[in-house]
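[1] Need coordinates for the following:
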Amino acid sequence: DPSNVMITIVENTAPYLWLKKDILEVFIEDEFELDGSDSNDNNSLTGNLIFDWTNQGNVFGEFLDVSTDENSSVVKFTAPSSVDGTLSDLNAGCIVDNNCFIIEFKVCDGEESNGFLCNSKNVQVTVVENRAPVSIPGPDKRISPEEEFTLSGLESYDEDGSIVSYSWEIKDSQGNNTDA
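    All right, here's what the predicted structure looks like:
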């Protein structure tokens, strides 16, 4: 009958929150990105989502340069140039103790008339001060028994400083240490 209309009442539910990563390890002065763009709300009548990135102790202002809008689903940061224990007051809830802080990502639906419904998740960011050097021992060599040869690690480098020491281990073809 064309005079009948079926009306379905849809209950508002909180949006589905999805983060690409929720535990990060970054080096001092590295740029990094937090991405919640795959979050969605299939039951939203408006289709609007509100994103919010919050933190403990004003990390955004004191330690990180926010290069994008904090109300965006994707935000970019630059880690601090040093940590020196400055993050110790901000690491409540971190799995690790040192140089770690928590950023909360919250996604809410845009239905204020029904009361915003939200989901949130914490992102743990650990700032690491020292990177391991990159070892470049040179090309593989084929030698005959008793032949002398030279190994050089001079192409090895350390991105955040200088190499303090070198050490060599000689192993046989099965990976066992040898006295050669």
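[2] Could you list every helix and strand that the strand or helix carrying Lys76 packs against?
    Assigning secondary structure by DSSP states H and E places Lys76 in strand 74-78. Using 3 or more CB pairs under 8 Å, 6 or more residues apart in numbering; DSSP states H and E, the elements in contact with strand 74-78 are strand 31-35. For the C-beta atoms, the positions are set from N, CA and C on the backbone; glycine is no exception.
[3] Phe105 belongs to a strand, doesn't it?
    Yes: under DSSP: H, G, I helix; E, B strand; the rest coil, Phe105 falls within a strand.
[4] In contact with it, which residues?
    The neighbours of Phe105, taking CB atoms under 8 Å, 6 or more residues apart in numbering as the test, are 17, 19, 34, 36, 51-53, 120-123.
[5] Any chance of those in CSV with neighbour count, secondary structure and pLDDT as columns?
    As requested, the contacts of Phe105 are exported to CSV (neighbours: other CB atoms under 10 Å; DSSP: H, G, I helix; E, B strand; the rest coil; pLDDT from 0 to 100):
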residue, neighbour count, secondary structure, pLDDT
Leu17, 20, coil, 91
Leu19, 18, coil, 91
Leu34, 21, strand, 87
Gly36, 23, coil, 91
Phe51, 20, strand, 88
Asp52, 15, strand, 84
Trp53, 22, strand, 81
Ser120, 13, strand, 91
Lys121, 15, strand, 91
Asn122, 16, strand, 87
Val123, 18, strand, 87
